[in-house]
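**Q** any chance you could fold what I've pasted below:
(2 chains)
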Amino acid sequence: DAKTTQPPSMDCAEGRAANLPCNHSTISGNEYVYWYRQIHSQGPQYIIHGLKNNETNEMASLIITEDRKSSTLILPHATLRDTAVYYCIVRVAGANSKLTFGKGITLSVRP
Amino acid sequence: IAGITQAPTSQILAAGRRMTLRCTQDMRHNAMYWYRQDLGLGLRLIHYSNTAGTTGKGEVPDGYSVSRANTDDFPLTLASAVPSQTSVYFCASSDGNRRSPLHFGNGTRLTVT
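**A** Numbers count the residues shown, from 1 in each chain, chains lettered A, B, ... in the order given. Next comes the predicted model:
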């Protein structure tokens, strides 16, 4: 599995964009980047994933650099409910491949 | 409501006792997983199953066993619980496509005394 590196924590103001960085310099060409988050006491929740193109859904946007060695998850208008641990994960190629979670980044959204 | 159901929600267990954590999904997903989560260590994979009838070891399999008799159920058994197995356990599933996200249950909080 390609390893990912995330800063341990960050904060942002409510209503502002939260930009969460992730480094995955050893990613292989057929590995996808996934983002999950975990709100306290709940199971992890899938947010978004991508291969090399930028992706957007109702929750967030994912920006992947051209060399694919890093990515940024963007929450365009953070709310207090977005306070959570966010995990950046690279998935091993192949069907039914398992995910390896690191320690994630703790995002604190302040009023 | 479709999803993953874990039981029990929480449990206090005496060391040396046997315990089975239950996990059921109704999404007909091929792959299922068991993770444990401990403070400061993130989520660590215990065992997984790519399809009914097969299982595999994850990062921290010692002291745990699983079975996958059918598509929907993936129980995790602690044959003889020890205090270091105190943790929050999450079950997850995916449809097996490598791009498909994992869906997680709400976890079982286990305390071994």
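
**Q** what residue of the chain is the furthest out?
**A** Looking at chain A here, since you left the chain open. Each residue of chain A has a distance to the centre, and by CA atoms, centre = their mean the biggest one is for A:Pro111: 22.5 Å.

**Q** other chain: chain B
**A** B:Arg99 (21.2 Å).

**Q** does that residue count as helix, strand or coil?
**A** Three states are possible here, and by DSSP: H, G, I helix; E, B strand; the rest coil the one that applies to B:Arg99 is coil.

**Q** residues touching it, list them.
**A** Residues counted as contacts of B:Arg99 (CB atoms under 8 Å, 6 or more residues apart in numbering or on different chains) are A:32, A:49. Glycine gets a C-beta too; all of them are placed from N, C-alpha and C.

**Q** one step back: could you measure from the closest residue to the residue farthest from the centre of chain A other than its chain neighbours over to chain B?
**A** The spatial neighbour of A:Pro111 that comes closest, neighbours along the chain excluded (CB to CB, 6 or more residues apart in numbering or on different chains), is A:Glu14 at 5.5 Å. In this structure, A:Glu14 and chain B are separated by 26 Å, where distance is defined by CB to the nearest CB, to the nearest Å.

**Q** likewise for A:Thr5?
**A** As judged by CB to the nearest CB, A:Thr5 and chain B stand 13 Å apart.

**Q** that residue: neighbouring residues, count only.
**A** Residues within reach of A:Thr5, counting by other CB atoms under 10 Å in any protein chain shown, total 13.

**Q** what's the pLDDT at A:Asp1?
**A** Taken from the predicted model, the pLDDT recorded for A:Asp1 is 57.

**Q** actually A:Leu99, not the one I wrote
**A** On pLDDT, A:Leu99 comes in at 73.

**Q** contacting residues for A:Ile27?
**A** A:Ile27 makes contact with A:2, A:33, A:68-69, A:90 under the criterion CB under 8 Å, 6+ apart.

**Q** the helix-or-strand element of chain B with minimal mean pLDDT close to chain A?
**A** With mean pLDDT, DSSP states H and E as the measure, the helix or strand of chain B carrying the lowest mean pLDDT is strand B:42-49 (a mean of 90). Yes: applying CB under 8 Å from any CB of the partner chain, one finds strand B:42-49 in contact with chain A at B:42-45, B:48.

**Q** could you export those as TSV, including neighbour count and distance to B:Arg18?
**A** Conversion of the residues of strand B:42-49 next to chain A to TSV gives the following (neighbours: other CB atoms under 10 Å in any protein chain shown; distance: CB to CB, whole Å):
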residue	neighbour count	distance to B:Arg18
B:Gly42	17	27
B:Leu43	28	24
B:Arg44	16	22
B:Leu45	20	22
B:Tyr48	24	22
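
**Q** tell me which parts of chain B are close to chain A?
**A** By the criterion of CB under 8 Å from any CB, the positions of chain B lying close to chain A are B:4, B:30-31, B:33, B:35, B:40-45, B:48, B:50-51, B:58-59, B:90, B:92, B:94, B:96-99, B:101-107.

**Q** pull out the buried residues from those residues.
**A** Restricting the residues of chain B next to chain A to buried positions leaves B:4, B:30-31, B:33, B:35, B:42-45, B:48, B:50, B:58, B:90, B:92, B:94, B:101-107, with burial counted as 16 or more other CB atoms under 10 Å in any protein chain shown.
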